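>>> Next comes the sequence, and after it the predicted model I'd like to discuss.
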2 protein chains.
Amino acid sequence: MTDGRSRRREDTRQRLFEAAVELIAEQGFSATTVDDIAARAGVAKGTVYYNFESKTVLFEELLRHGIGLLTAEFRAAVAGLPPREAVAALVRAELEYIRRYRAFAQLLLSEMWRTNREWQQTLRLLRGEAIEVIAETVRAGVRSGDLPADLDVRTASSALFGVGLVVAVDWLVFQPERPIEDVQEALLGIVRRVAQT
Amino acid sequence: MTDGRSRRREDTRQRLFEAAVELIAEQGFSATTVDDIAARAGVAKGTVYYNFESKTVLFEELLRHGIGLLTAEFRAAVAGLPPREAVAALVRAELEYIRRYRAFAQLLLSEMWRTNREWQQTLRLLRGEAIEVIAETVRAGVRSGDLPADLDVRTASSALFGVGLVVAVDWLVFQPERPIEDVQEALLGIVRRVAQT
DNA sequence: ACCTTTGCACTGACTGGTCAGTCTAAAAAC
DNA sequence: GTTTTTAGACTGACCAGTCAGTGCAAAGGT
């Protein structure tokens, strides 16, 4: 392969990510053991350490992977859209993403506002990247006059991001029987002031 | 009554609560050791076990204590207010509470949506109590016609609760320099559809 | 006044278990 | 023949929970 990694190895890494994300979402990083992750992924413990330097590095790469996907979907969602629709599209993209990667979203919600953890710096950085995509859109909306000029872009963007997370995860955890359309509806209602839909 | 002994013991329990809430907010329940809690509270490890059955029970009593306070403030905030103003008052009370007990709010945000933890059932119950206060208010608003009749009370109430948490904690963690008035403003803007302020 | 007892609150060394990370030799996959 | 994975024993650190013992203040006895 061009990057020197075989497909097989990539598969193993993927399975480890999936096992880790589920367990960490349920129990948290500290309560999840490497033996658990290996067992759920169906590989030997040594394989975890063949593929990742440490438990912490595995988690950091997992964060990078997951937020990278989210950021990419944000970018795709707003491409070429006028500001009004772009904000609504961001909300939809976030919900769609959370529905697909529910465990990752849950994990993110739980670990996002921690302080004093080794990987905290990494997470802070990645969060900044995702929010920057939102901020670009909001900024464009303010510039074009579609959004109120007095809107604080930084606060609005991070609030938008956080609100989507919390409402969607709350839905997945506490009211999974509700159809996603209702949640989308509720969320768009909540952010109407920014979205102006 | 308030004999010297039990007052002393109550002080110790209070100090343990304060130490535990800070450490767990920063690091999470599993990553926080009983030795850490004892050290920060300035007592010996044995004292923790003299006052609480186990680490888990300490945490559960902490949750009960913290959410009990929040629920009480919610009730006090809406007492005698008409529905329109009551919802806004709830948001203000939540923000005020989070500002005062920032560590507890952070802890709540991080542990609220976990599954598969021993104390999960306790937390779910307590969350229900706090949200019920909000739901009563929203329900009254729907009944009186001040809030839209098609509003889903359960979803709206838990969304209201979660949104306040996430926006306020995000503010405390990532933009502590911003004045609280801005955050209150932003939050009221976000929930305007429900609050109708 | 002066011991003596009682029991509460607390102490900190200790125990038994758990877990991240290591290592090896051999097999499987490519 | 090189890379990747296996199985699992092992180590050392760490940690929840225990327990015999200390200090002390109030009660009771003399």
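Yep, that arrived.
>>> Could you use CA atoms for every contact and neighbour count after this?
Will do.
>>> what about the residue nearest to the spatial centre of chain A, distance to B:Gly66?
Central residue of chain A (CA atoms, centre = their mean): A:Ile67, 4.8 Å from the mean position. Going from A:Ile67 to B:Gly66 by CA to CA, to the nearest Å gives 32 Å.
>>> Look up phi and psi at the residue nearest to the centre of chain A.
Backbone torsions for A:Ile67, taken as degrees, to the nearest 10, come to phi -70, psi -30.
>>> for it, what are its contacts?
Neighbouring residues of A:Ile67 by CA atoms under 8 Å, 6 or more residues apart in numbering or on different chains: A:Leu126, A:Arg127, A:Ala130.
>>> could you redo the last one with a cut-off of 7 Å?
Contacts here follow CA atoms under 7 Å, 6 or more residues apart in numbering or on different chains; on that basis A:Ile67 touches A:Leu126.
>>> got the domain boundaries for chain A?
The record's domain parsing of chain A by automatic domain parsing lists A:1-52, A:55-195.
>>> Save those as a markdown table, and put in mean pLDDT too.
Formatted as a markdown table, the domains of chain A follow (pLDDT from 0 to 100):
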| stretch | mean pLDDT |
| --- | --- |
| domain A:1-52 | 92 |
| domain A:55-195 | 92 |
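>>> Output those in CSV, with distance to DNA strand D appended to each entry.
Below are the domains of chain A laid out as CSV (distance: least, CA to the nearest atom of the strand, whole Å):
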stretch, distance to DNA strand D
domain A:1-52, 4
domain A:55-195, 13
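>>> for the ones you listed, which one ends up most surrounded?
domain A:55-195 (a mean of 19; mean count of other CA atoms under 10 Å in any protein chain shown).
>>> what about it, distance to the chain center?
7 Å (CA atoms, centre = their mean, to the nearest Å).
>>> element containing whichever residue of chain A sits closest to chain B, please.
Proximity of chain A to chain B (CA to the nearest CA) peaks at A:Ser110, 4.1 Å away. In this assignment (DSSP states H and E), A:Ser110 forms part of helix A:102-111.
>>> next SSE after that helix?
Sequence-wise, the next helix or strand downstream of helix A:102-111 (DSSP H and E) is helix A:120-144.
>>> so, in contact with chain B or not, that following helix?
No. Using CA under 7 Å from any CA of the partner chain, helix A:120-144 stays clear of chain B, with a minimum separation of 9.1 Å.
>>> Likewise for stretch A:15-32?
Yes. Interface with chain B: stretch A:15-32 contributes A:Ala25, A:Glu26, A:Gln27, A:Ser30, A:Ala31 (CA under 7 Å from any CA).
>>> near DNA strand C, from those?
Contacts with DNA strand C within those, counted by CA under 7 Å from any atom of the strand: A:Ser30, A:Ala31.
>>> mind listing what A:Phe161 touches?
Contacts of A:Phe161 by CA under 7 Å, 6+ apart are A:Ile131.
>>> Dihedrals phi and psi, it?
phi -60, psi -50.
>>> and the gap between it and A:Glu118?
On the measure of CA to CA, A:Phe161 and A:Glu118 end up 23 Å apart.
>>> My understanding was that the residue of chain A closest to chain B contacts B:Glu111; is that so?
Yes. With contact defined as CA atoms under 7 Å, A:Ser110 and B:Glu111 form a contacting pair (6.3 Å).
>>> how about the residues of chain A that lie near chain B?
Going by CA under 7 Å from any CA, the residues of chain A near chain B are A:25-27, A:30-31, A:109-111, A:113-117, A:159, A:162-163, A:166-167, A:173, A:189-191, A:193.
>>> can I get the residues of stretch A:15-32 next to chain B in JSON lines with distance to B:Tyr49 and secondary structure?
Below are those laid out as JSON lines (distance: CA to CA, whole Å; DSSP: H, G, I helix; E, B strand; the rest coil):
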{"residue": "A:Ala25", "distance to B:Tyr49": "30", "secondary structure": "helix"}
{"residue": "A:Glu26", "distance to B:Tyr49": "27", "secondary structure": "helix"}
{"residue": "A:Gln27", "distance to B:Tyr49": "24", "secondary structure": "helix"}
{"residue": "A:Ser30", "distance to B:Tyr49": "22", "secondary structure": "coil"}
{"residue": "A:Ala31", "distance to B:Tyr49": "22", "secondary structure": "coil"}
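>>> Go through the residues of stretch A:15-32 next to chain B and name the one nearest A:Gly145.
A:Ala25 (40.3 Å; CA to CA).
>>> Compute the inter-axis angle for the helix holding A:Ser110 and helix A:120-144.
Interaxial angle of helix A:102-111 relative to helix A:120-144 (axes from the mean of the first three to the mean of the last three CA atoms, to 10 degrees): 100 degrees.
>>> which residues in chain A form strands?
With DSSP state E, there are no strands along chain A.
>>> would you list every one of the helices in it?
Using DSSP state H, the helices found in chain A span residues A:7-27, A:34-41, A:45-51, A:55-78, A:83-100, A:102-111, A:120-144, A:153-174, A:180-190, A:192-195.
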